[in-house]
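**Student:** sequence plus the predicted model coming up.
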Amino acid sequence: MEHYFDVLSVLILLSSFVLVSNKRIHAYIKTFRLQSALIALTAGVMGFEDVVNDGNYDVLVVCAIIIALKVILIPRLLHRTYGNIEYRVEKDFFFNIPILVIICCGLVVFSYFSVSNIGALSGLHINLQVVNSFSVVLIGFFFMISRKKALGQIIGYLVIENGIFVTAMFSTQGMPFIVDVGIFIDLITAVLIMGIMVIRINDQFESIDVNKLKNLKG
Amino acid sequence: MISVAYFIVQTVVILLAAPLVNGIIKKIKALSQKRKGAPVTQLYFDLFKLFKKGMVVSDTASWIFRAAPYVVFATSLAAALLVPVTTMIPSQWHAGDLILMVYLLALGRFFMMLAGLDTASAFGGMGSSREAMISSLIEPSILVSLITVGLIAKSTDLYRIMEHMKGVDAPLIHPVYLTAFLALLIIIIAETARIPVDDPSTHLELTMVHEAMLLEYSGRSLALMELGASIKQLVFITLAVNIFIPNDQFILITGAAAVFLSLVIYLIKVILIAAVIAVAEICTVKLRLFSVPNLAALSFILSFVGFMQYFVLGR
């Protein structure tokens, strides 16, 4: 059963790699949805184990919230935002995609060396899962700074949140229910506000390139 | 004596099954387009006919052009001998390991690229340069993924790796093996000139890679080249199925019947992988040549992440 969680954590990490190697906004949203589905699966299995072991169904409820929010609602909101702007493919990167991917490999190595020395994390498998999910956080940050367009940066923010959630889940077997729910409400508010902001930016500057925000507009 | 049996089984199975894989992939593609398609055995007929025909060699071609088909065929077959199709016959032949296998195939490919350049046709040079690019991109991920598996088995000998994998329960629910297997699937597609990288059914198109190098060949040489390419494809598929989907631990009988049963299961696994490749071909379009590095990068990170998992797990 432990290997099952290992594999899920690896798949979540790989989905964030797939995200970095994409350049279509449509594919970003799809990959984010896939990653959220994998996280929901992880939470579902963990919640099921909890119910069987001590009748505690908090994690199962969190799993249902993830499916409703991250797999269905937020991707739909993003698709709507995406429909309102004419911009489709990310063309200008700071580096080309293979270099971005190789830098992300470096991030995985970095997180291995930093996380594996934390003594409080016990057990081989927990360690592996935390390394993987912490790498997801770092890759989310990196994705945010490597994309110049606002929609990509929203996805980066969501991936960071996914990574933090998975790290917490793997290292503590589920956070307190109220904390999780609070984070989700923050998240939905953030995505709503950012979606509206992107449309406003697009109206004002006729582009969602964040570098153009510096231009004066009167 | 056992060693001789190993050679005979290995050569016969690989030679006979290799063209079949191409036939199955073509058949599945045809069925998906509601065509009837050529029979599964079409490549056997083609090869038989080509072997009977004479060949035309350009006046400007040097000895490399004539030698290349034999080198390609011989290296593929030699590489095939290093990858056991069944672990029921113990391989006593410790003459080579996975590194030798990878570079034997690379030697064959090198000669194929030289032959493409040799006749100085425009297509040949183009195909050779593209093949050089793709192969150099895909080579690191082959070695990293296979050597990670070798590190766990504590041997680079493919027979020992397969023996070790028989003891692992459910290898595909293991982080290291799963990533290595996925990396190997992308490698199979890239190495054997399948659709996201190269279209095997195009002929005389500007986008072709593998076909461009074979353009000048005819008759017996063409047959050897085609057979060599399909053997190479089967070698990679054999690697994937026999390392990551081991089945011989479930066969409790011994003797010739066990070998036969093992080979039947092996063929079923090969057909499954061929079906996966065919579905991948149906669902995707050919990538732009300059997007191939992205696919190669994806394959490399799959194998690299597997390698990191091995480090964290420490076994």
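**Tutor:** Looks like it came in fine.
**Student:** got the residues of chain A near chain B?
**Tutor:** Where chain A comes near chain B, counting by CB under 8 Å from any CB of the partner chain, the residues are A:3-4, A:6-7, A:9-10, A:13-14, A:17-18, A:21, A:96-98, A:101-102, A:104-105, A:108-109, A:112, A:116, A:124, A:127-128, A:131-132. For the C-beta atoms, the positions are set from N, CA and C on the backbone; glycine is no exception.
**Student:** go again with 7 Å.
**Tutor:** For chain A, the residues in contact with chain B (CB under 7 Å from any CB of the partner chain) are A:3-4, A:6-7, A:10, A:13-14, A:17, A:21, A:97-98, A:101, A:105, A:108-109, A:112, A:116, A:124, A:127-128, A:131.
**Student:** which PyMOL command selects the buried ones in the residues you listed?
**Tutor:** The buried subset of the residues of chain A next to chain B, as determined by 16 or more other CB atoms under 10 Å in any protein chain shown, is captured in PyMOL by this line:
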select buried, chain A and resi 3+6+7+10+13+14+17+21+97+98+101+105+108+112+127+128+131
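**Student:** among the residues of chain A next to chain B, which lie within helices?
**Tutor:** Members of those lying in helices (criterion: DSSP state H): A:3-4, A:6-7, A:10, A:13-14, A:17, A:97-98, A:101, A:105, A:108-109, A:112, A:124, A:127-128, A:131.
**Student:** buried ones in stretch B:88-105?
**Tutor:** B:M88, B:I89, B:S91, B:W93, B:G96, B:D97, B:L98, B:M101, B:V102, B:Y103, B:L104, B:L105.
**Student:** go on, stretch B:63-73?
**Tutor:** Neighbour-count burial for stretch B:63-73, counted by 16+ other CB under 10 Å, picks out B:F65, B:A68, B:P69, B:V71, B:V72, B:F73.
**Student:** so of these, which ones are in strands?
**Tutor:** Counting by DSSP state E, none of the members of those fall within strands.
**Student:** mind putting those residues into JSON lines with distance to B:H210 and pLDDT?
**Tutor:** As requested, the buried residues of stretch B:63-73 are arranged in JSON lines below (distance: CB to CB, whole Å; pLDDT from 0 to 100):
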{"residue": "B:F65", "distance to B:H210": "17", "pLDDT": "93"}
{"residue": "B:A68", "distance to B:H210": "14", "pLDDT": "94"}
{"residue": "B:P69", "distance to B:H210": "14", "pLDDT": "95"}
{"residue": "B:V71", "distance to B:H210": "16", "pLDDT": "96"}
{"residue": "B:V72", "distance to B:H210": "12", "pLDDT": "95"}
{"residue": "B:F73", "distance to B:H210": "15", "pLDDT": "96"}
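**Student:** those residues into JSON lines, with extra columns for distance to chain A?
**Tutor:** Formatted as JSON lines, the entries for the buried residues of stretch B:63-73 read as follows, by distance: CB to the nearest CB, whole Å:
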{"residue": "B:F65", "distance to chain A": "34"}
{"residue": "B:A68", "distance to chain A": "31"}
{"residue": "B:P69", "distance to chain A": "34"}
{"residue": "B:V71", "distance to chain A": "31"}
{"residue": "B:V72", "distance to chain A": "29"}
{"residue": "B:F73", "distance to chain A": "34"}
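**Student:** let's have those residues in a markdown table, adding distance to B:F311.
**Tutor:** Below are those laid out as a markdown table (distance: CB to CB, whole Å):
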| residue | distance to B:F311 |
| --- | --- |
| B:F65 | 47 |
| B:A68 | 41 |
| B:P69 | 43 |
| B:V71 | 38 |
| B:V72 | 37 |
| B:F73 | 40 |
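**Student:** quick one, helices of the chain?
**Tutor:** With no chain named, the answer covers chain A. All helices of chain A, identified by DSSP H, fall at A:2-20, A:25-54, A:58-66, A:74-84, A:97-115, A:124-146, A:150-172, A:177-205.
**Student:** that's the other chain; I wanted chain B
**Tutor:** Using DSSP H, the helices of chain B run over B:2-32, B:42-52, B:63-82, B:98-118, B:122-153, B:158-166, B:175-191, B:210-213, B:219-244, B:256-283, B:292-313.
**Student:** kindly report the residues of chain B close to chain A.
**Tutor:** Residues of chain B found near chain A (CB under 7 Å from any CB) are B:173-175, B:178-179, B:293-294, B:297-298, B:301-302, B:304-305, B:308-309, B:311-313.
**Student:** and A:D209, how many residues sit next to it?
**Tutor:** Burial of A:D209 is recorded as 16 neighbouring residues (other CB atoms under 10 Å in any protein chain shown).
**Student:** actually A:M46, not the one I typed
**Tutor:** The number of residues packed around A:M46, counting by other CB under 10 Å, is 20.
**Student:** buried ones in the lowest-mean-pLDDT helix or strand in chain A?
**Tutor:** Counting by mean pLDDT, DSSP states H and E, the weakest-scoring helix or strand in chain A turns out to be helix A:177-205, with a mean of 84. Of all the residues in helix A:177-205, those buried under the rule 16+ other CB under 10 Å are A:D180, A:I183, A:F184, A:L187, A:V191, A:M194, A:G195, A:V198, A:I199, A:I201, A:N202.
**Student:** which residue packs closest to the fourth one, ignoring adjacent ones?
**Tutor:** Which is A:L187. Spatial nearest neighbour of A:L187, excluding adjacent residues (CB to CB, 6 or more residues apart in numbering or on different chains): A:E161 at 5.8 Å.
**Student:** in space, what's closest to the spatially most central residue of chain B - neighbours in sequence excluded?
**Tutor:** Most central in chain B under CA atoms, centre = their mean is B:Q233, positioned 2.5 Å from the mean C-alpha point. Once its chain neighbours are removed from consideration, B:Q233 has its nearest residue in B:T192; the separation is 4.0 Å (CB to CB, 6+ apart).
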